[in-house]
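Asks: Just a sequence and a predicted model for now, questions to come.
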Amino acid sequence: MSLRTTRVNELLRAEISDLILRKVKDPRVGEGLITITEVRVSPDLHHATVFVSHLGTDEEREHALTALQHAAPFLHRELVHRLKMRAIPKLTFRFDPSIERGARLSDLIRKVSNNYREQAE
């Protein structure tokens, strides 16, 4: 990945996060906690995959992803106004399970640690 692509990825991640926080009014987006974990743009900068982590129920996650995909044209228009880029990529949203996986592993480690401590006493 080139330095330019990396910078565009980070710029888009920050701007999309801000837009979701401040401008998207869809109540489905407010269900649970949404975090933009990563953005990957194609080499030609015409397409971007936005990875979203969501803490909440599976149903809330599906609603939030649907709402974000529905808001993609709005987000694209806002990015056109905010960014000084020749081409603003088309946005596609995908679920990123990394935060959930990390929380689950942390919980398992805590349980094992507590069991070990109880057995040592």
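Replies: Thanks, I have it.
Asks: hey, which helix is longest across this protein?
Replies: Ranked by residue count, the top helix of the chain under DSSP state H comes out as helix 58-82.
Asks: Buried residues in the helix or strand following that one, which are they?
Replies: Using DSSP states H and E, the helix or strand that directly follows helix 58-82 along the chain is strand 90-95. Using 16 or more other C-beta atoms under 10 Å as the test for burial, strand 90-95 gives 91, 93. (C-beta placed from N, C-alpha, C; glycine too.)
Asks: And the contacts of strand 90-95?
Replies: Strand 90-95 is contacted from outside by 16, 46-54, 61, 65, 68-69, 72, 75-76, using C-beta atoms under 8 Å, 6 or more residues apart in numbering.
Asks: run the last query once more with 6 Å
Replies: 47, 48, 49, 50, 51, 52, 65, 68, 69, 72, 75 (C-beta atoms under 6 Å, 6 or more residues apart in numbering).
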